[in-house]
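> fold the stuff below for me.
(one chain, ligands or ions: 1)
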Amino acid sequence: MPMRVALGVGGGIAAYKAAELVRALTSGGAAVQVVMTDSAQRFITPLTFAALTGRKVITSLFSSAGDEDTLSSSIEHIRVAQEHDILVVAPATADLMAQFSHGLARDFLTTLYLAFTGPVVLAPAMNTNMWLHPATQDNCKVLESRGHIIVSPGDGPLACGMVGPGRMAEPMQIAEVVLSHNASKKDLDGETLLLTAGPTREALDPVRFISNHSSGKMGYALAAAAARRGARVILVSGPVKLPPPDGVQIVQVESAAQMRAAVLQHLDASTIIIKSAAVADYHLENPPKQKVKKTAARLSLDLTPTPDILAELGRKKGGRLLIGFAAETSNMVAEARRKMETKNCDMVVGNLVNQAGLGFDSDENEVTLVMRTGETVQLPRASKRAIAESILDHLLKLRLALYASS
Ligand code: C5P
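Okay, here's the model as predicted:
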């Protein structure tokens, strides 16, 4: 059965790009039902979408006056909600995002949103100031916390004359996110993913520790996506403030040594290992049992290296696929490639962690995949959830390529 996409089109200049999105989705094998807001119909006609999808476009909550079948038209949004696998809104205007965030149900699209229980993808498009306004950013955070995927707007000249973030992501990019999110896709069925996420904490005494800014969001997004795609997932997690993803077995650890022990314990069961944790590189070997008292004297710490878990896995991985992460502040691709070679990984996900709004603790990321095949793939800036789906897609493709060449 084709993936069934409900596509909401909001009223913005980018509405014309929704026509291209429809083409990209249908050529990817999806069946698309378009729902237009009133203002969207001022930018582009329903006829365009009807011609592209071969289906009547939904333009209002109630059928036109005089329609004898008022009951069926009043529950149409429930039917559309039940009969579609994914809800995509492109362009998602500031107003639509505010309505979704607050649960308003004023027209067909906002009512459909409330009735819909499946995955939601939003592609915002608006003027830079509107996008950067705290109200819009707050709404965005609320929508992301509900698990929706935000395909971030790009940077560039806008119809209003401003230059900056706000233009809708390219239709092909949105289509890729949607198609890779096929809820019925169970391409990790039969796999056991061993994942690590979050920071580690290395004790200095019973009350103090060394750690880093890792939030665990990338690893948790990978765990959630892999579980949704049918894998058994064992998530070895450092201390983070995230709820455990559905259907994932969590093993809580604190230190690098504990993480190593947990990973080695579950190594045999795994078929794919992803090490997204930001493991401390140094620790205090025998931390004092009592709290260190403050004195006037200077205090030096004599730290020793922690076990390099990834390198050890590289030696013990056998036929498993091993994916490492490289958080860098410069020379990212070269560093990722070096780590791939020295630690015997099949893929290293490199990201720069000194860019505003990206990397540690942010909801978005922009990563480059360096692969054993020699291929390097740069994924555009997107939510960690969307990046997680792409990493899993590439990892499966990589395994096929490695099999074919072995
Ligand atoms: O060399 P670097 O620490 O930057 O490598 C990062 C990668 O190595 C990550 O995948 C991280 O999870 C892993 N790592 C590890 N054990 C360490 C340090 C890092 O497994 N002690």
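> OK, contacts around whichever residue of the stretch 101-250 of the chain sits closest to the ligand?
Taking CB to the nearest ligand atom, the ligand has its nearest neighbour within the stretch 101-250 of the chain at Thr196, 5.8 Å off. C-beta: built from backbone N, CA, C; applies to glycine. The contact partners of Thr196, taken as CB atoms under 8 Å, 6 or more residues apart in numbering, are 219, 235-238, 259, 263, 274-277, 279, 309.
> select only the buried ones of the residues you listed in PyMOL?
Filtering the contacts of Thr196 down to the buried ones (16 or more other CB atoms under 10 Å) takes a single PyMOL command:
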select buried, resi 219+235+236+237+238+259+263+274+275+276+277+279+309
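> the contacts of Thr196: which ones sit near the ligand?
With CB under 6 Å from any ligand atom as the criterion, these include Lys275, Ala277, Val279, Ile309 near the ligand.
> contacting residues around Tyr220?
Contact analysis of Tyr220 by CB under 8 Å, 6+ apart lists Ala197, Leu235, Ser237, Val240, Leu242, Pro245.
> tally of neighbours for the residue nearest to Ser214 when sequence neighbours are not counted?
Leaving aside its sequence neighbours, Ser214 sits nearest to Ala278 (CB to CB, 6 or more residues apart in numbering; 3.6 Å). For Ala278, the neighbour count with other CB atoms under 10 Å is 24.
> if we can go back for a sec, restricted to helices, list the contacts of Thr196.
If you go by DSSP state H, the contacts of Thr196 have Gly219, Met259, Val263, Ile309 in helices.
> the third one reaches Leu313, doesn't it?
Looking back up the chat, that one is Val263. Yes - with contact defined as CB atoms under 8 Å, Val263 counts as touching Leu313 (7.0 Å).
> so for these two, which residues contact both of them?
Joint contacts of Val263 and Leu313 (CB under 8 Å, 6+ apart) are Ile273.
> gap between the residue nearest to Ser214 and the ligand?
7 Å (CB to the nearest ligand atom, to the nearest Å).
> test of understanding: give the bridge partners of that residue.
Taking DSSP bridges as the rule, Ala278 bridges to Pro199.
> packing partners of the strand or helix carrying Gly166?
Assigned by DSSP states H and E, Gly166 falls within strand 163-167. Here strand 163-167 touches helix 128-132, strand 154-157, going by 3 or more CB pairs under 8 Å, 6 or more residues apart in numbering; DSSP states H and E.
> mind putting the ones you listed into CSV with mean pLDDT?
As requested, the helices and strands packed on strand 163-167 are exported to CSV (pLDDT from 0 to 100):
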stretch, mean pLDDT
helix 128-132, 95
strand 154-157, 86
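> give me whichever of these is most buried.
Highest mean neighbour count among the helices and strands packed on strand 163-167 (mean count of other CB atoms under 10 Å): helix 128-132, with a mean of 16.
> and the stretch 101-250 of the chain, which residues reach the ligand?
Neighbours of the ligand within the stretch 101-250 of the chain, by CB under 6 Å from any ligand atom: Thr196.
> what about the closest residue to Leu284 other than its chain neighbours, neighbour count?
Distances taken as CB to CB, 6+ apart place Leu204 nearest to Leu284, at 5.6 Å, with adjacent residues excluded. Under the neighbour criterion other CB under 10 Å, Leu204 is assigned a count of 18.
> likewise Gly190?
Neighbour tally, Gly190, other CB under 10 Å: 10.
> equivalent analysis for Ser180, please.
Residues lying near Ser180 (other CB under 10 Å) number 17.
> could you do Thr376 as well?
Neighbours around Thr376, by other CB under 10 Å: 13.
> how near is it to Val349?
Between Thr376 and Val349 the distance is 11 Å, computed by CB to CB, to the nearest Å.
> Thr26 now?
Taking CB to CB, one finds Thr26 at 31 Å from Val349.
> do the same with Ile273
From Ile273 over to Val349 (counting by CB to CB), the distance is 13 Å.
> try Lys186
Separation of Lys186 from Val349 (CB to CB): 23 Å.
> same question for Asp155.
For Asp155, the distance to Val349 - CB to CB - is 23 Å.
> ok, and does the longest helix along the chain reach over to the ligand?
Secondary structure of the chain read by DSSP H shows that its longest helix is helix 384-405. No - on the criterion CB under 6 Å from any ligand atom, helix 384-405 is out of touch with the ligand, staying 12.6 Å away.
> got the buried residues for that helix?
Those would be 384-396, 398-399, for helix 384-405 by 16+ other CB under 10 Å.
> cool, and stretch 166-178?
Result for stretch 166-178 [16+ other CB under 10 Å]: buried residues Gly166, Arg167, Met168, Ala169, Glu170, Pro171, Gln173, Ile174, Ala175, Glu176, Val177, Val178.
> among those, which are in helices?
Counting by DSSP H, these contribute Pro171, Gln173, Ile174, Ala175, Glu176, Val177, Val178 to helices.
> which residues touch the fourth one?
It refers to Ala175. Leu21, Ala24, Leu25, Gly28.
> tell me the most packed of those, by neighbour count.
Going by other CB under 10 Å, Leu21 tops these with 29 neighbours.
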